[in-house]
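K.L.:
sharing a model prediction with you, sequence too.
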Amino acid sequence: MSSSSMSPSSDEYNFPKIELHLHLDGAVRHSTLFELAQKKKIDLQGAKSVEDVKKLLVTHEPANLAKVLAAFDIFLPVIKNDAAALERVAYETCEDQSKVGVIYFEARYSPHLLCDSDKGDKLSPKDVIEAIHRGFIRGEKDFGVKARSILCCISGFEDFANEVLDLATTLKDVGVVGIDVAGCSKGADESYGPEIVNMFKEAAKRGIHRTVHAGESGSFGSKSVVHAIVEMKSERIGHGYRLTEDTENYQKYAVKEQIHFEACPYSSVMTGAVPLNWPMHPLKKWEKDGVNFSISTDDPTCFDNTVISELRIAKNEIGLSLEQLKKCQLNAAKSCFLPEDEKVEIIQKIKNGKF
């Protein structure tokens, strides 16, 4: 099974798109990783070519979330603590998004995992965010794609939480629009400690936008989604598929309250969040029930996918209509974390269907 068998462009999908669930550190070009690894003499488990890097990192057989996230442990050393590399990755992501018709995307990442702030002259988390912002600014100028940052807390690294909150509070002028919490290879069970939960509550009081990874790994099923919404005050849910199994809470939060769900179809199967049975994928039910959701790639470095390959899966495998896929773009525009005046502009572009 391969997402890359689907070509990156198609007239059928030639409408402006928005991506809300993209991990920037999971969207690094394989060619960039290979080039930088060669330059820095970092061994990527013996990889001798870009194709070797792909084979090493890309998942095309359903596995589990921890296995997919283990790829990050392999390649993050290539870009971390390197401001120029991080700026380049941000810039190249804007170029890649422009090629598939994305006009706005929110890229999430842990600034702490992209540096070693406790090691002397290395980058600080603030340095990481500023380097990425420089890449986004250049990318917007050269490719016309608007990009913003969502700062991630990481399960198992609760000591990052308060600084993430402070950074999200003070760095809005360098493109930070919200916070998230995600897993890593050593902690992918969506069990978030009290430090992180309390930080999200404080973020809500400060008016900082919030999204949470929940309902993906399966350890807590629908309970993790309800916990994210009720206790952590999350405005959006990253993935959230398992809430569909809980009729009462699905009706309450997904159907009636219209909480926004950031769906990543190919990722959902590759991480084992959803069984490989496309016609029975939760997105089919979400469409039928009028759930507020959008479609994203999650981690192109790990899945070799694009927004268009995801839309093709949604249409050709799951059975969503082209009109529903266009509606997903409007859902995303309305649920994005931009300030209201910028959000209105994005919404209008989507409604007009013009780049």
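P.N.:
Received the coordinates, thanks.

K.L.:
so residue 18, which state does it fall into?
P.N.:
Following DSSP: H, G, I helix; E, B strand; the rest coil, the label given to residue 18 is strand.

K.L.:
next one: the one 4 residues further on
P.N.:
Recorded secondary structure, residue 22: strand (three-state DSSP).

K.L.:
which residues are in contact with it?
P.N.:
Contact analysis of residue 22 by C-beta atoms under 8 Å, 6 or more residues apart in numbering lists 93, 105-108, 296-298, 300. C-betas here are computed from N, CA, C, even on glycine.

K.L.:
list buried residues within those.
P.N.:
When these are checked for burial by 16 or more other C-beta atoms under 10 Å, the buried set is 93, 105-108, 296-298, 300.

K.L.:
inside helices: which ones of those residues?
P.N.:
Among those, DSSP state H puts 93, 300 in helices.

K.L.:
what packs against whichever helix or strand residue 312 is part of?
P.N.:
In the assignment (DSSP states H and E), residue 312 maps to helix 307-312. In terms of contacts (3 or more C-beta pairs under 8 Å, 6 or more residues apart in numbering; DSSP states H and E), helix 307-312 is packed against strand 17-23, helix 265-270, strand 293-295.

K.L.:
same for the second one, what does it pack against?
P.N.:
Counting by 3+ C-beta pairs under 8 Å, 6+ apart, the packing neighbours recorded for helix 265-270 are helix 300-303, helix 307-312.

K.L.:
now render these as TSV, adding mean pLDDT and distance to residue 13.
P.N.:
Formatted as TSV, the helices and strands packed on helix 265-270 follow (pLDDT from 0 to 100; distance: least, C-beta to C-beta, whole Å):
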stretch	mean pLDDT	distance to residue 13
helix 300-303	96	16
helix 307-312	97	5
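
K.L.:
got these as JSON lines, with distance to residue 206 columns?
P.N.:
Formatted as JSON lines, the helices and strands packed on helix 265-270 follow (distance: least, C-beta to C-beta, whole Å):
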{"stretch": "helix 300-303", "distance to residue 206": "32"}
{"stretch": "helix 307-312", "distance to residue 206": "31"}
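
K.L.:
of those helices, which is nearest residue 143?
P.N.:
Closest to residue 143 of the helices and strands packed on helix 265-270, according to C-beta to C-beta: helix 307-312, at 14.6 Å.

K.L.:
give the buried residues for the worst-scoring helix or strand of the chain on mean pLDDT.
P.N.:
Of all regular secondary-structure elements in the chain, judged by mean pLDDT, DSSP states H and E, the least confident is helix 65-79 with a mean of 89. Buried residues in helix 65-79, counted by 16+ other C-beta under 10 Å: 65-72, 74-79.

K.L.:
would you mind listing where the stretch 201-350 of the chain has pLDDT under the threshold?
P.N.:
Low-confidence regions of the stretch 201-350 of the chain, defined by pLDDT under 70, span residues 218-219.

K.L.:
tell me where it has helices.
P.N.:
Using DSSP state H, counting those that start in this stretch, the helices of the stretch 201-350 of the chain run over 222-230, 247-249, 265-270, 282-289, 300-303, 307-312, 322-335, 340-352.

K.L.:
could you dump these to TSV with distance to residue 22?
P.N.:
Output for the helices of the stretch 201-350 of the chain, formatted as TSV (distance: least, C-beta to C-beta, whole Å):
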stretch	distance to residue 22
helix 222-230	19
helix 247-249	27
helix 265-270	11
helix 282-289	18
helix 300-303	8
helix 307-312	9
helix 322-335	11
helix 340-352	16
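
K.L.:
of all those, which one is nearest residue 173?
P.N.:
helix 340-352 (13.6 Å).

K.L.:
just checking, what packs against the closest one?
P.N.:
Applying 3+ C-beta pairs under 8 Å, 6+ apart, we find helix 340-352 packed against strand 102-109, helix 322-335.

K.L.:
so whichever strand or helix holds residue 198 versus helix 222-230, what angle?
P.N.:
Using DSSP H and E, residue 198 sits in helix 194-206. Relative orientation of helix 194-206 versus helix 222-230 (axes from the mean of the first three to the mean of the last three C-alpha atoms, to 10 degrees): 40 degrees.

K.L.:
hey, C-alpha coordinates of helix 194-206 in CSV?
P.N.:
The C-alpha trace of helix 194-206 is given here as CSV (Å, rounded to 0.1, in the frame of the first residue of the first chain):
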residue,chain,number,x,y,z
PRO,A,194,-1.3,17.2,35.3
GLU,A,195,1.3,19.8,34.3
ILE,A,196,0.2,19.7,30.7
VAL,A,197,-3.5,19.6,31.6
ASN,A,198,-3.2,22.6,33.9
MET,A,199,-1.1,24.4,31.3
PHE,A,200,-3.9,24.0,28.7
LYS,A,201,-6.5,25.3,31.2
GLU,A,202,-4.3,28.4,31.7
ALA,A,203,-3.8,28.8,28.0
ALA,A,204,-7.6,28.9,27.6
LYS,A,205,-7.8,31.7,30.2
ARG,A,206,-5.1,33.6,28.3
